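Chemist: what's the 3D shape of this:
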Amino acid sequence: MTNINPGKLGLTTKILLGMCLGALLGFVLRFTAGEAQWVSEYFTHGIFDVIGGLFVSALRMLVVPLVFVSLVCGTASLADPSTLGRIGGKTLALYLLTTAIAISLALGAATLFQPGDPIMQAAAAGFEAKTAPSLADVVIGLIPRNPMAAMSEGNMLQIIVFSILFGYCIAQLGDKASTVRRFFTEMDNVMMNLVNVVMWFAPYGVFGLIAKMALTLDLAAFGSVIKYFFLVLGVLFVHALVVYPMLLTTLSGLNPITFLKKMGNVQMFAFSTASSAATLPVTMENAKDNLGIGNRVSSFTLPLGATVNMDGTAIMQGVATVFIAQVFSVDLSAMDMLMVILTATLASIGTAGVPGVGLIMLAMVLQQVNLPVEGIALILGVDRLLDMVRTAVNVTGDTAVSLIVANSEKDLNKETFKDPDALEKVIS
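Modeler: Now for the predicted structure:
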């Protein structure tokens, strides 16, 4: 590590600067040039699209090899393979708990504030929802028929299952597989170094993504669903700033303010990409270098969380379900509410960490309580922006759970956690 140069901007500051400049330039072009063809050709679908697209592609390039190598390395490093069951049990239990809390908060808030208006029913006409996979299909699909095909297709659940089984077998063989274990340990170091290379481009990539969003966001859509928008936003903030800190303090005794401060760069990445999977390299680097979470825990909990822990998506599903029920004048019974909680919690396990997939899973939730999936059309206009915010919530939850598990497993460097400049020392 090197010392911090006081005159040098840190990564978080650079990303924030990129977001602000991108939004400013995007809105200036939007309100000065209007619908000019040259703006669309050279900026919206030109420079901004290329810069943002390159950055997101670079992040996604890292996801599959990073998840595979990290999970194999983390699982293989367990001195006692039975530890995997304990860590996995804690992690899944906490992920399901936070998701159940999220959906319950969403349903309660939506019932209390009544965001739906029956006069909007006509606006949903003509929408065709994609078919959501059944829970049975999700469970059956956990086991890959062809691990190489799962990797090429980016099927994260199958990759996670195969990686854990592969690493578990390495751990069981002990010294007999020491060469393989050492190979994956070195590969893990290579992958983290590759993350650092991609991070150098991050402020420019974020600039392009936000500038394009400012040029293309449908501002008129806010008028019809403004109450829904702010209600979802409010529940997301409560979950991120109240629920996670309370769980962190109660279950680990760690300072939640320190945690939230150190999540800034990860949250901005998540916000700009709207993808938990694309943000995973940044989440893992931040967990290890800035929060002090050991590789044994972080290499297992974070890739798993990017796939199965979707609290922000669950919140959207809860509020949207009640909102659509109110628009179509359908009364949801207590049993319907419980069904929504159960379905949304389980559906989060099969929700890939990519932009927009929450809407597909929402169709599944709506079908479970006999609500028209056409109602999804009502929230499409503002979902992109909400998707960005709820992704930031998702990655915050992944890291909070990882911290709690690491603390319980004595795999947390508390000095690094308390050090306010840990990450800046690494990347400077």
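
Chemist: End to end on stretch 269-280, go ahead and measure it.
Modeler: With CA to CA, to the nearest Å applied, stretch 269-280 spans 10 Å between its terminal residues.

Chemist: what's in contact with that stretch?
Modeler: 15, 19, 56, 59-60, 62-63, 66-67, 154, 156, 202, 205-206, 209-210, 266, 282, 302-303, 305-307, 310, 352-356, 384, 387-389, 391-392, 394-395, 398 (CB atoms under 8 Å, 6 or more residues apart in numbering). To be clear about C-beta, it is placed using only N, CA and C from the backbone, and glycine gets the same treatment.

Chemist: What mean pLDDT does it get?
Modeler: In this model, stretch 269-280 has a mean pLDDT of 80.

Chemist: Tell me the buried residues in that stretch?
Modeler: Of the residues in stretch 269-280, those buried by neighbour count under the rule 16 or more other CB atoms under 10 Å are Phe269, Ala270, Phe271, Ser272, Thr273, Ala274, Ser275, Ser276, Ala277, Ala278, Thr279, Leu280.

Chemist: Can you pick out the ones from these that are in helices?
Modeler: Judged by DSSP state H, the subset of the buried residues of stretch 269-280 located in helices is Phe269, Ala270, Phe271, Ser272, Thr273, Ser276, Ala277, Ala278, Thr279, Leu280.

Chemist: Quickly name whichever of the residues you listed is closest to Gly88.
Modeler: Leu280 (18.2 Å; CB to CB).

Chemist: where along the stretch 51-200 of the chain do the helices fall?
Modeler: According to DSSP state H, counting those that start in this stretch, the stretch 51-200 of the chain carries its helices in the segments 83-113, 135-140, 147-153, 156-173, 178-200.

Chemist: want to throw those into CSV with mean neighbour count?
Modeler: CSV is the format used below for the helices of the stretch 51-200 of the chain (neighbours: other CB atoms under 10 Å):
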stretch, mean neighbour count
helix 83-113, 19
helix 135-140, 12
helix 147-153, 15
helix 156-173, 20
helix 178-200, 15
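
Chemist: nearest to Lys414, of the ones you listed?
Modeler: Using CB to CB and comparing the helices of the stretch 51-200 of the chain, the one that lies nearest Lys414 is helix 83-113, at 18.7 Å.

Chemist: And that closest one, how far out from the chain middle?
Modeler: In terms of CA atoms, centre = their mean, to the nearest Å, the centre of helix 83-113 is found 15 Å from the chain centre.

Chemist: average pLDDT for that helix?
Modeler: 85.

Chemist: cool, stretch 175-188 as well?
Modeler: Taken as a whole, stretch 175-188 has a mean pLDDT of 86.

Chemist: And for that stretch, what's in contact with it?
Modeler: Residues beyond stretch 175-188 that count as contacts (CB under 8 Å, 6+ apart) turn out to be Val69, Ser70, Val72, Cys73, Ala76, Ser77, Gly167, Cys169, Ile170, Asn295, Ser299.

Chemist: which residues touch Phe43?
Modeler: Leu29, Ala211, Leu215.

Chemist: okay, the first one: pLDDT?
Modeler: To tie it back to what came earlier, the one meant is Leu29. pLDDT for Leu29: 85.

Chemist: Let me know how buried the residue nearest to it when sequence neighbours are not counted is, in neighbour terms.
Modeler: With CB to CB, 6 or more residues apart in numbering as the criterion, Leu29 has its nearest non-adjacent residue at 5.5 Å, and that residue is Val39. As a burial measure, the neighbour count of Val39 was computed by other CB atoms under 10 Å and equals 18.

Chemist: residue contacts, Val39?
Modeler: Remark: with contacts taken as CB under 8 Å, 6+ apart, Val39 is in contact with Leu29, Arg30, Ala33, Leu215.

Chemist: In helices only, show me the residues you listed.
Modeler: By the criterion of DSSP H, membership of the contacts of Val39 in helices covers Leu29, Arg30, Ala33, Leu215.

Chemist: For ChimeraX, what selects the buried ones among those residues?
Modeler: Isolation of the buried members of the ones in helices among the contacts of Val39 (16+ other CB under 10 Å) is achieved in ChimeraX through the command below:
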select :29,30,215
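
Chemist: got a markdown table for the ones in helices among the contacts of Val39, with distance to Ile324 too?
Modeler: Formatted as a markdown table, these follow (distance: CB to CB, whole Å):
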| residue | distance to Ile324 |
| --- | --- |
| Leu29 | 35 |
| Arg30 | 31 |
| Ala33 | 37 |
| Leu215 | 30 |
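
Chemist: any idea which of the ones in helices among the contacts of Val39 is closest to Leu338?
Modeler: Using CB to CB, Leu215 is the member of the ones in helices among the contacts of Val39 that sits closest to Leu338, with 43.0 Å.

Chemist: List the residues that contact that closest one.
Modeler: When contacts are taken as CB under 8 Å, 6+ apart, Leu215 is in contact with Gly26, Leu29, Arg30, Val39, Phe43, Thr44, Phe48.

Chemist: Tell me, what's the model's pLDDT at it?
Modeler: pLDDT recorded at Leu215 is 80.

Chemist: what do you get for the one 3 residues further on?
Modeler: According to the model's per-residue confidence, Asp218 sits at a pLDDT of 58.

Chemist: Cool, thanks, talk later.
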